[in-house]
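Asker: Provided below are the primary sequence and the corresponding predicted coordinates.
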Amino acid sequence: MLKGFREFIMRGNVIDLAVAVVIGAAFTAVVNSIVENLFNPIIGALFNAEDLAGALILELPGGAAIKFGAILASVITFLIVAAVVYFVFVLPINKMKEMQEAKRKAGIEDESAPVTELDLLTEIRDALVASEGKHHK
């Protein structure tokens with residue numbers, strides 16, 4: 001049972017996922033700090049409030065309130081995270097895929113493509129045929 005668990009944990013995908021979660025948590029802290037300490041005070045100042053969460057509040061009867069500023073802060077956080085993910089991960093990956101597709105269409109073999117058993121056997125056959133031709137001359 002422990003051997004199976006160890007094999008599961010040692011797979012590359014699980015370790016990559018763990019690293020991604022840790023980096024994602026750290027990145028979230030950075031983005032939250034930027035929004036709370038930079039954007040919130042600036043936008044809050046535009047609305048004469050201490051920060052964005054304290055701005056754009058709609059007071060309702062009975063003491064309830066709708067905090068549009070807090071919602072806007074969450075939207076800003078989301079947009080920053082989405083932009084970073086797009087520009088750091090999605091855009092480069094898409095560019096790499098486009099380059100690979102262009103190479104494939106141009107007939108250029110991918111150097112990282114794995115050599116199959118058929119490829120090796122074909123090379124061996126061709127080498128044998130070439131060496132037989134040299135011996136018969």
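Answerer: Structure received.
Asker: quick one: residue 66 is in a strand?
Answerer: Yes: with DSSP: H, G, I helix; E, B strand; the rest coil as the criterion, residue 66 is part of a strand.
Asker: Run through who's touching stretch 38-57.
Answerer: Outside of stretch 38-57, the residues within contact range by CB atoms under 8 Å, 6 or more residues apart in numbering are 36, 65, 66, 67, 68, 69, 70, 72, 73, 76. From N, CA and C alone the C-beta is placed, and that goes for glycine too.
Asker: Quick check: the last one touching residue 34?
Answerer: No: with contact defined as CB atoms under 8 Å, residue 76 does not count as touching residue 34 (9.2 Å).
Asker: Who has more neighbours out of the two?
Answerer: Taking other CB atoms under 10 Å, residue 76 and residue 34 do not tie; residue 76 has more neighbours (18 against 14).
Asker: Show the contacting residues for the more buried one.
Answerer: Applying CB under 8 Å, 6+ apart, the residues near residue 76 are 35, 39, 52.
Asker: List the buried residues in the helix or strand where it lies.
Answerer: Residue 76 belongs to helix 68-85 when assigned by DSSP states H and E. For helix 68-85, the neighbour count (16 or more other CB atoms under 10 Å) marks 69, 70, 72, 73, 76, 77, 80, 81 as buried.
Asker: Using CSV, write down the CA coordinates of it.
Answerer: Extracted as CSV, the C-alpha positions of helix 68-85 are listed here (Å, rounded to 0.1, in the frame of the first residue of the first chain):
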residue,chain,number,x,y,z
PHE,A,68,-19.7,47.9,-4.5
GLY,A,69,-16.1,48.9,-3.7
ALA,A,70,-15.3,45.5,-2.2
ILE,A,71,-16.8,43.9,-5.3
LEU,A,72,-14.7,46.1,-7.5
ALA,A,73,-11.5,45.2,-5.6
SER,A,74,-12.3,41.5,-6.2
VAL,A,75,-12.8,42.2,-9.9
ILE,A,76,-9.4,44.0,-10.1
THR,A,77,-7.7,41.1,-8.3
PHE,A,78,-9.3,38.7,-10.8
LEU,A,79,-8.2,40.8,-13.8
ILE,A,80,-4.6,41.0,-12.6
VAL,A,81,-4.4,37.3,-12.0
ALA,A,82,-6.0,36.5,-15.3
ALA,A,83,-3.7,38.9,-17.2
VAL,A,84,-0.6,37.4,-15.6
VAL,A,85,-1.7,33.8,-16.3
